[in-house]
Each structure stands twice: as structure tokens, then as C-alpha cells.
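J.: I would like the atomic coordinates for the input below:
(one chain, ligands or ions: 1)
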Amino acid sequence: MKNETYKKLIVANWKMNPSSSKEAEELSGTVQREVRGLKNVEIVLCPPFPYLSVVGALAKGAQSCHWEQKGAYTGAVSPAMLKDMGCEYVIIGHSERKQYFGETDEIINKKVKAALKAGLKVVLCIGEDTRDSFDSKGHWTHELDPKLKEQIIGAFEGVKKSNIQNIVVAYEPVWAIGTGNPATPDDVLSAKIFIRKILSNLYDRKEADKVRVLYGGSTNKKNSAVFIKEGQADGLLVGGASLDSDEFVEMVKSIYENS
Ligand code: PGA
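T.: The predicted structure follows:
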């Protein structure tokens with residue numbers, strides 16, 4: 001696989017944390033101070049909506065958005081509003097959104113198109129629920145589980161070729177999220193090849209090769225570098241470990257040193 005010239009992308013998904021704006025400010029402030037000067041990595045902080053303004057110099061991302069740009073949708077936040085707040089990225093399709101908020105592939109597709117229309121870049125999460133599709137030699141394979149393929153085809157439906165490089169695909173197997181049981185670098189590499197193959201079929205090879213593929217699920221300062229070096233991930237989507245500034249900064253540094 002041709003090696004990409006992109007900076008490695010590290011997306012911090014704070015989920016519904018921390019509990020106060022003071023803590024959010026401290027977390028963001030420490031990360032910004034400590035990673036200053038690491039030019040080879042792109043860091044995006046995705047706090048809950050009320051804390052978006054604490055992200056200063058780093059790129060800002062949101063954890064979700066609605067599929068309309070405005071209107072009578074109580075409690076919702078639109079892609080246009082996020083863009084106006086200075087967001088560059090939005091995470092769409094996280095498995096927790098599917099589990100707790102009933103998001104379907106169809107809703108995800110509407111959100112992806114709305115976010116791109118508003119000028120945001122999308123971090124699209126996909127991943128199998130279980131790790132149980134083995135080939136005749138006993139190797140686990142993405143080819144035998146219809147989930148990934150369905151999720152990719154569903155999310156990219158109607159997205160123009162000229163826009164696909166504004167989507168970053170985060171491979172996040174559900175069984176690896178928050179479990180302390182990450183995928184292996186081999187799993188990540190084979191997922192990246194598989195994702196690019198499906199996108200090549202939908203679009204073409206040249207465009208598919210521009211789509212960055214991140215890994216997410218139980219990453220920490222000890223295992224980050226291996227997903228980049230051996231798994232050839234273009235970056236990471238980090239949950240729990242992004243709430244500890246020391247841990248997160250160590251992760252960023254280890255990726256910086258290994259990319
Ligand atoms: P985790 O979460 O790093 O805590 O496993 C990843 C995610 O949900 O994006």
C-alpha cells in the first residue's frame with residue numbers, strides 16, 4: 001500500500017465528559033501546551049457541545065450533528081451551527097449513537113451529506129459488533145461479515161467523488177471500544193485494505209486511496225504507535241485515554257515519533 005503523505009490525525013472523543021467547564025478548560029489547555037511544536041500530527045479535540053469554546057488553538061470537532069441545517073428539531077445542533085462555531089470536523093455514526101440514540105445507516109447517511117454540505121470534514125465510524133467471522137483457515141476476516149461493507153455503502157450513498165476525501169473513516173470494532181481489548185495491528189491493516197477496496201469499487205482507486213482510515217478502540221500510550229507502524233492506520237480515534245492529559249499527550253508524542 002502506498003504510504004500517504006498526510007499528517008497523522010488524532011481525534012479525541014471526550015464523549016459526555018468532563019463534568020465541568022473548568023475541567024474541560026484545564027484538559028484542553030494542558031494538551032495544547034504540551035503538543036505545541038509537534039508539526040507532524042493533526043490533533044482534533046471533540047468535547048461536548050457546551051465546551052466547544054474551550055478548544056483554542058487546536059482543531060475543533062463535534063461528536064454528532066443533525067441532518068438539517070435549521071428548524072424545529074428541539075435539542076438538536078446543526079452542521080451549519082458547528083461550522084459557525086469554528087468546528088472543522090464532526091464524528092458521525094459512533095456505535096454509542098447507534099446503541100443509545102437509535103441511529104441507523106440511513107440517518108448516518110443523511111448526517112454525512114449534511115455535514116459535508118456545511119463544509120465540515122466527517123469522521124465516519126464503522127465497525128463489526130462481534131469478532132466471529134472466521135475463514136476456513138480460522139482467520140478472522142472482514143470479508144465474511146457483511147457489517148462493514150453495508151455501513152460503508154450506506155454512509156457514502158449519494159456522496160460525490162469530489163467529496164470523499166473530506167470523509168475520514170474510523171475503524172472502530174464495537175467489541176474493542178472501552179473494553180481494554182483492542183484489535184490487533186493486523187486487524188487494523190486488513191480493515192484498511194478492505195475499506196479502501198470497497199471505496200475503489202464505489203468510486204475509483206485513486207480517490208479511494210485519499211480516504212484516511214483511523215483506528216479506534218481501547219488505544220492508550222503503550223499501544224498507539226503499533227497501530228500506526230504495523231497497522232498502517234492514518235491516525236487514531238481516542239476515547240477514554242483522551243480524558244487524561246498526560247496519557248493523551250504521551251500518545252500524541254509516540255505517534256509523532258513513529259510517523
Ligand atoms: P475508547 O473509545 O478509546 O475508550 O475505547 C473509543 C471511541 O469510542 O471512539
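
J.: Show me which residues of the protein are close to the ligand?
T.: 13, 172, 177-178, 216-219, 237-241 (CB under 6 Å from any ligand atom). For the C-beta atoms, the positions are set from N, CA and C on the backbone; glycine is no exception.

J.: switch the cut-off to 8 Å
T.: 13, 15, 91, 94-96, 125, 170, 172, 176-179, 182, 216-220, 237-242 (CB under 8 Å from any ligand atom).

J.: Next up, the contacts around the residue of the stretch 151-259 of the chain at minimum distance from the ligand.
T.: Closest to the ligand within the stretch 151-259 of the chain is residue 239: 2.2 Å, counting by CB to the nearest ligand atom. Residues near residue 239 by CB atoms under 8 Å, 6 or more residues apart in numbering: 13, 15, 177-178, 216.

J.: Please apply the same query to residue 6.
T.: 212, 234.

J.: My impression was that it belongs to a helix - is that right?
T.: No. Residue 6 sits outside any helix when classified using DSSP: H, G, I helix; E, B strand; the rest coil, being coil.

J.: On the pLDDT front, check it for me.
T.: Residue 6 is assigned 74 on the pLDDT scale.

J.: again with the one 10 residues further on
T.: What the model reports for residue 16 is a pLDDT of 98.

J.: burial count for it?
T.: As a burial measure, residue 16 scores 9 neighbours (other CB atoms under 10 Å).

J.: returning to what we had before: grab the two from the contacts of residue 239 that are most spread out in space.
T.: 15 and 216 (11.9 Å; CB to CB).

J.: what's the nearest residue to residue 108 if we skip its chain neighbours?
T.: residue 93 (4.4 Å; CB to CB, 6 or more residues apart in numbering).

J.: likewise residue 231?
T.: Here the residue nearest residue 231, using CB to CB, 6+ apart, is residue 188, at 3.3 Å.

J.: tell me the contacts of residue 109?
T.: Residue 109 neighbours (CB under 8 Å, 6+ apart): 154-158.
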